[in-house]
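# sequence and predicted structure, then a few things I'm wondering about:
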Amino acid sequence: AHLCPVRALAEYIQASKLTSGYVFRAFASQDRLVANDVAMTSERFLTLFRHNLLDVGEDPLPYGTHSFRRGGCQYLASERRWPIRRICEWAGWSMEFSNLTIVKYLISWNDNPTEKREDFFHPDRQFTYKCFTCGRSCNCA
């Protein structure tokens, strides 16, 4: 449950007492949210994100804000089962599929496979069930 992004976001929204406006807002000194509804800049977000990666011992250089766009695209395709056309509409990307730029977002050399190829049609393979709470295959329910 501590790794569930849905729960983490829900706890953040509850703790911040946000009811409208930007989820990730700019903040002033002493980690206080600014009084008006101002979005956090992408530069500030990237700095904080890279500090979080350092905190867990991960090299921050390979990651940028584009990682979230790619990750969001992959999440919508593999977890939420959105069709490619809908993902392109959501992201504001071109629907010109002749060069298949969307494939660069969905498939990459550094992706971790979710299952072994030899297990695709294995008759004794255990079924996995989606979590009723967050819709993912996790233990937060």
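In hand now; what should we look at?
# going by C-alpha atoms from here, please, whenever you check contacts or count neighbours.
Fine.
# mind listing the helices for the protein?
5-16, 42-55, 66-78, 84-91, 101-106 (DSSP state H).
# list the contacts for Ser108?
If you count contacts by Cα atoms under 8 Å, 6 or more residues apart in numbering, Ser108 has none.
# next one: it, what pLDDT does it get?
Note for Ser108: predicted pLDDT of 71.
# also Asn52?
Asn52 carries a pLDDT score of 90 in this model.
# re earlier: could you dump the helices of the chain to TSV with distance to Val23 and mean neighbour count?
Listed next are these as TSV, based on distance: least, Cα to Cα, whole Å; neighbours: other Cα atoms under 10 Å:
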stretch	distance to Val23	mean neighbour count
helix 5-16	7	12
helix 42-55	12	14
helix 66-78	15	15
helix 84-91	18	14
helix 101-106	24	15
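# Leu33 is nearest to which of those helices?
helix 5-16 (8.5 Å; Cα to Cα).
# any weak-confidence spans in this protein?
1-2, 99, 109-114, 126-141 (pLDDT under 70).
# Phe27 versus Glu89, what's the distance?
Using Cα to Cα, to the nearest Å, Glu89 is found at 31 Å from Phe27.
# returning to what we had before: to Arg125, which of the helices of the chain lies closest?
Counting by Cα to Cα, Arg125 lies closest to helix 66-78 out of those; the figure is 19.4 Å.
# quick revisit: mind checking which of the helices of the chain is nearest Phe120?
Nearest of those to Phe120, taken as Cα to Cα: helix 66-78 at 15.4 Å.
# run the chain-centre distance for stretch 25-38.
23 Å (Cα atoms, centre = their mean, to the nearest Å).
# what lies in contact with that stretch?
The contact list for stretch 25-38 (Cα under 8 Å, 6+ apart) reads 21-22, 39-41.
# what's the span of it from first residue to last?
End-to-end distance (Cα to Cα), stretch 25-38: 6 Å.
# for that stretch, buried residues please.
Within stretch 25-38, the residues that count as buried by 16 or more other Cα atoms under 10 Å are 25-26, 33.
# fine, thanks again, bye for now.
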